[in-house]
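Enquirer: this is a predicted model, with the sequence first.
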Amino acid sequence: MVWGRRKTQHPQQPAAPRERDLVERMFEWHARADLAVAVEDFAAARTAQTLALDIATALAARTPDDVRAWQAIAATRYALIESCARTGDFAAALESADACLAAYAKVAESGGTPGGSGAETTALTADVRARRAVALAGNGQITAALLEADEAVCMYVGLGAEDWDSGCLPDLARVLSTVAPVRARYGEPDHAAATADYAIRLYVENAARINRRPDAPTHARCLFEAAQIASDLHAAAGRTDLALSAANVGRQTAAARRIDGFVRREQAYAGALARYTIRLTEDGKSDESEAFLAESCAIDPGAYARVAAEAYPLARARVEVPPLADALRAAQAMLRDVELPELLDGLLADPWSVQPSLSVPDRCPADVAPEIAETLAAAAVRMLGEGDPQGLRLCLEANVVFAGAAAREVPAMRHDFAAYGTLWAQALAMAAWRFHETGSEAFRWYAADLAAWLLGVLDRLAPLAAAQPDITELIRVGTTVARSVLDAKPREGEPAG
């Protein structure tokens, strides 16, 4: 049986015949699911995992105090998160993530994983939260997804996962590769690039040891996906050398993953060749690209167009909502009467750093988070008030930092919420309406997310309105904006972008 993704021996005491039959049937469905995942048939994997979950749930009902039963539910739910997300059912993925966290909480209450440690339960929970970030993003809960991604990474960093001896380094690399696409689509682009780059670095520097692990194929897929994201992000920023380097890692990894007759792997390899061809051309080496393009077209004639289409949204987003470094420079130029504090520099991601900050809490310590968010929000309000769209990036960052500080229960967010909350709500209202007005499907997802957060902030401000009439007016205007934005719902499905 698989308890928390680790195979353990059956209990020594004899099981009732019926229970033994159930366990063996669950083994069979897990085995079928593992085979389906290996060939990336996530629809088939989901079916097998659902049947395994039904059996695990029945076993838990029989022995509710047996930690192994809850471990079985958690392990199956964990696998289901990815299968549901990969098949586009993000609501089901989020449901499985929440149920998985509840099951692991039950495991922790019962003393942790059998034969394991508290650290192992923490690591397993971090894995779930990384996948939960993907599910949240797919459901349009953008800010919550970014916060969840940060939490997953912080949990692994807290375990010392950057050191091989911790036993968690490959898992940290996998989690970074999992959250990199979420950050690429909805977060700060240079931070997303640094996330993907660091995953690549961890994998490449420890390749020999990781390749000896039984889960090496999973990590190879994660490396390939991180390389694609990093290459596209660097290319969108004009960092052609870094983009080419990442594309080359992706090409080599895709070549190593090829299996004769496996169409998906062949298509992935053709796409990696096409991406490498594009990056060679962008880096002024088009004379070296012809052979790679020819090989790509021979395998999959549509690969080049597909890769170009995949990269376009990231390039477009960087223009429409510039990276934080550009927005801060524009803010300083516009707000000549205000000196932006050096504290903001800590938020910036250095794409060339070999030791990047991996999360917002890492870039923005809790004790100064409200002050940093306040500065960003104030600059966003000024810039949006004067029609400068670069204020959108400042508002997005302010919202994540404010929300993170509130989640971490920073005292200032309680004691001074009248001041912080008022500015937070003003920035949210202006940015939500600006995103809404564009008419862009991708921007309307941002608008809906910010509007939902706006209603939450206004709700917390409501008890303070009696003593401060300005808050009463802000609540009236903000509620109107939020309701108008939320009534114009984006189309169903995965958020674009």
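Expert: Here it is on my side, so go on. Residues are numbered from 1 along each chain as shown.
Enquirer: G387 in helix, strand or coil?
Expert: coil (DSSP: H, G, I helix; E, B strand; the rest coil).
Enquirer: how much space separates it from R434?
Expert: 9 Å (Cβ to Cβ, to the nearest Å). Every residue, glycine included, has its C-beta placed from N, CA and C.
Enquirer: which one's more surrounded, these two?
Expert: Counted by other Cβ atoms under 10 Å, G387 and R434 do not tie: R434 has more neighbours, with 19 against 8.
Enquirer: residues contacting the more buried one?
Expert: 384, 389, 391-392 (Cβ atoms under 8 Å, 6 or more residues apart in numbering).
Enquirer: buried ones among those residues?
Expert: 384, 389, 391-392 (16 or more other Cβ atoms under 10 Å).
Enquirer: can you lay out the contacts of R434 as CSV showing secondary structure, distance to S177 and pLDDT?
Expert: As requested, the contacts of R434 are exported to CSV (DSSP: H, G, I helix; E, B strand; the rest coil; distance: Cβ to Cβ, whole Å; pLDDT from 0 to 100):
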residue, secondary structure, distance to S177, pLDDT
L384, helix, 34, 94
P389, coil, 31, 87
G391, helix, 32, 93
L392, helix, 27, 95
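Enquirer: now these in CSV, with distance to S166?
Expert: Formatted as CSV, these follow (distance: Cβ to Cβ, whole Å):
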residue, distance to S166
L384, 44
P389, 43
G391, 41
L392, 39
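Enquirer: from those residues, pick the one nearest A418.
Expert: Checking those against A418 with Cβ to Cβ, the nearest one is L384 at 21.9 Å.
Enquirer: show me the contacts for that closest one.
Expert: L384 is in contact with 391-392, 395, 427, 430-431, 434, counting by Cβ under 8 Å, 6+ apart.
Enquirer: strands - which of those residues land there?
Expert: Among the contacts of L384, DSSP state E puts none in strands.
Enquirer: could you dump those residues to JSON lines with distance to A230?
Expert: What follows is the contacts of L384, written out as JSON lines (distance: Cβ to Cβ, whole Å):
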{"residue": "G391", "distance to A230": "28"}
{"residue": "L392", "distance to A230": "24"}
{"residue": "C395", "distance to A230": "26"}
{"residue": "A427", "distance to A230": "30"}
{"residue": "M430", "distance to A230": "33"}
{"residue": "A431", "distance to A230": "28"}
{"residue": "R434", "distance to A230": "30"}
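Enquirer: out of those residues, which comes closest to L464?
Expert: Nearest to L464 out of the contacts of L384 is A427 (Cβ to Cβ; 17.7 Å).
Enquirer: can you name the helix or strand that the spatially closest residue to that closest one that is not a sequence neighbour falls in?
Expert: In space, and not counting its chain neighbours, A427 is closest to A377: 4.1 Å by Cβ to Cβ, 6 or more residues apart in numbering. In this assignment (DSSP states H and E), A377 forms part of helix 369-385.
Enquirer: A366 contacts E409, correct?
Expert: No. Here A366 does not reach E409: they are 9.1 Å apart, not a contact under Cβ atoms under 8 Å.
Enquirer: give me the more crowded residue out of those two.
Expert: A366 (15 against 9).
Enquirer: give the contact list for that one.
Expert: 405, 408, 410.
Enquirer: lowest-confidence one in the residues you listed?
Expert: When the contacts of A366 are sorted by pLDDT, the bottom entry is R408 at 90.
Enquirer: now it: closest residue in space that isn't a chain neighbour?
Expert: Per Cβ to Cβ, 6+ apart, closest to R408 is A366, 5.3 Å.
Enquirer: name the SS class of the residue nearest the centre of the chain, please.
Expert: Nearest residue to the geometric centre of the chain (Cα atoms, centre = their mean): V179, 2.9 Å. Here V179 is recorded as helix under three-state DSSP.
Enquirer: and which of the buried ones among the contacts of R434 is nearest E188?
Expert: Distances from E188 to the buried ones among the contacts of R434, taken by Cβ to Cβ, are shortest for L392, at 12.1 Å.
Enquirer: so who does the closest one touch?
Expert: Contacts of L392 (Cβ under 8 Å, 6+ apart): 321, 380, 384, 431, 434-435.
Enquirer: ok, of those, which one's closest to Y420?
Expert: A380 (13.8 Å).
Enquirer: isn't the closest one up against A427?
Expert: Yes. Contact criterion Cβ under 8 Å: A380 and A427 qualify, at 4.7 Å.
Enquirer: nice, that's everything, thank you.
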